[in-house]
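**Q** Attaching a predicted model along with its sequence, questions to come.
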Amino acid sequence: MKRKLSSCLLIAACWLSLSAQPYARVAVYPVGFYNLENLYHPLSTDSLRDVEFSPKGSYEWTMDKYRRKLENLSFVLNDVAVEFGGLAVVGVSEIGNRQVLEDLIATDPLRDRPMKIVHHQSPDWRGVDVGLLYDSTRFSLRSSRSFPFPYGEGRSEGVTDSTFRTRDVLLVEGKMAGEPIAFIVNHWPSRRGDKSARSRELAASVVKHVYDSLMLDNPARYVIIMGDLNDNPDDLSCSRVLDAKKQPGEVKRGGLYNPMWEKYARGIGSLCYQGKWHLFDQIIVSYNLLGSDFSTLKFRKAQVYNRDYLIQKTGKNKGYPLRTFSGTYFQNGFSDHFPTYVFLVKHTSEAL
């Protein structure tokens, strides 16, 4: 694969625009999210879905195909923001278990980076979880825990049945650039069923509760909400339950800013379904990451990583993200989602 560096002009402009403070260096911390699309281990038996993704299953998911997918994903995760040393932190979804993340960070070129894993098993009916990978030289882990979907409330409102199980919300806390920061990683319920929107609103209510608790405990802590939300920025789960604003000027103290909203409004998406682009893979930042005082950690820019090599070139899905399978045909792709990422920046005291 040929590495695409068309982002160089953007990066240079971003870097130069931060030069308001003379003789200061700029430390850049890229933070991303990537739905890895059905990353199951071929020999796992954790869920019924593992039967399909096994050597004898409908996808004929062999160790050779698995290793090729790992190589593809490792390449992408290493390539995002490579100009700044790659992603400092990246949330992931659709992973079968911890083992697949262990295998992923042990695959070239990620194996040459000091990547570590945060993972908690969830009760999802498909057997998939969320997780977090981080560069241990740029993020120091303090703690992690998971929060379940509010099943009782969902059933009482007719949203789910007694067999419904979905992904937990993952909270990871630590320090970046010497400052406290928390990441809330999500993969909200799918769009199956006529009441699915309410399920995502319930998931959003869990995230909002976690966020408000973090802010109450320490208003100086930065928070980033990320994930495959199965909703767009203007859907009620994001715009009303999370109350994540479209413009920085709309964000009040304690609030949230959704930089993906402006991109979605311009027709930019992270996945395509039936000819329509959606931006489900969102990264939302806390109010205290906004502003122009780069002596502390600040949000600078959001991107969808839709490089040419990640795009299907032929067939009925031409122009879509190049996924691993077309039906059950293995086409050696990446994922049905593009990665998304943001730049966090901070001036340092080192003289040039």
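**A** Ah, there it is. Source: prediction; values computed, not measured.
**Q** pLDDT (mean, whole number) over stretch 115-132?
**A** Stretch 115-132 shows a mean pLDDT of 95.
**Q** err, stretch 339-352, not the other one
**A** 81.
**Q** List the buried residues of that stretch.
**A** Pro339, Thr340, Tyr341, Val342, Phe343, Leu344, Val345, Lys346, His347 (16 or more other Cβ atoms under 10 Å). Every C-beta, even on glycine, is put in place using the N, C-alpha and C of the backbone.
**Q** Bridged to Ala302, which residues?
**A** Counting by DSSP bridges, Ala302 is bridged to Val342.
**Q** Now do the contacts for it.
**A** Pro259, Met260, Lys263, Ile283, Thr340, Tyr341, Val342, Phe343 (Cβ atoms under 8 Å, 6 or more residues apart in numbering).
**Q** The third one: how many residues sit nearby?
**A** Other residues near Lys263 number 19, with proximity taken as other Cβ atoms under 10 Å.
**Q** where does it land in three-state SS?
**A** The local conformation at Lys263, judged by DSSP: H, G, I helix; E, B strand; the rest coil, is helix.
**Q** Could you confirm Glu71 falls within a helix?
**A** Yes: counting by three-state DSSP, Glu71 is found in a helix.
**Q** wouldn't it be in contact with Asp108 here?
**A** Yes: at 7.1 Å, Glu71 counts as touching Asp108 under the criterion of Cβ atoms under 8 Å.
**Q** Which residue of the two possesses the greater neighbour count?
**A** Taking other Cβ under 10 Å, Glu71 and Asp108 do not tie; Glu71 has more neighbours (16 against 11).
**Q** Quick check: next helix or strand after the helix or strand encompassing Ser74?
**A** If you go by DSSP states H and E, Ser74 is part of helix 63-79. Next along the chain after helix 63-79, taking DSSP H and E as the criterion, comes strand 89-95.
**Q** between that next one and helix 63-79, what angle do the directions make?
**A** Strand 89-95 and helix 63-79 are oriented at 160 degrees to each other (axes from the mean of the first three to the mean of the last three Cα atoms, to 10 degrees).
**Q** Report the buried residues of the helix or strand just after strand 89-95.
**A** Downstream of strand 89-95, the first helix or strand assigned by DSSP H and E is helix 98-105. By neighbour count on 16+ other Cβ under 10 Å, the buried set for helix 98-105 is Arg98, Val100, Leu101, Leu104, Ile105.
**Q** packing partners for helix 98-105?
**A** helix 63-79, strand 115-119, strand 129-135 (3 or more Cβ pairs under 8 Å, 6 or more residues apart in numbering; DSSP states H and E).
**Q** Val241 is nearest to which of these?
**A** With Cβ to Cβ, the closest approach to Val241 among the helices and strands packed on helix 98-105 belongs to strand 129-135: 18.8 Å.
**Q** Dump the helix holding Ser74 to CSV, restricted to CA.
**A** Extracted C-alpha coordinates of helix 63-79, given in CSV (Å, rounded to 0.1, in the frame of the first residue of the first chain):
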residue,chain,number,x,y,z
MET,A,63,-6.0,-17.5,10.5
ASP,A,64,-4.6,-16.3,7.1
LYS,A,65,-7.5,-14.0,6.5
TYR,A,66,-7.4,-12.8,10.1
ARG,A,67,-3.7,-12.0,9.9
ARG,A,68,-4.2,-10.1,6.7
LYS,A,69,-7.0,-8.0,8.3
LEU,A,70,-4.7,-7.3,11.3
GLU,A,71,-2.0,-6.1,8.9
ASN,A,72,-4.4,-3.8,7.1
LEU,A,73,-5.8,-2.4,10.4
SER,A,74,-2.3,-2.0,11.8
PHE,A,75,-1.3,0.0,8.8
VAL,A,76,-4.2,2.3,9.0
LEU,A,77,-3.9,2.9,12.7
ASN,A,78,-0.2,3.7,12.3
ASP,A,79,-0.8,5.9,9.3
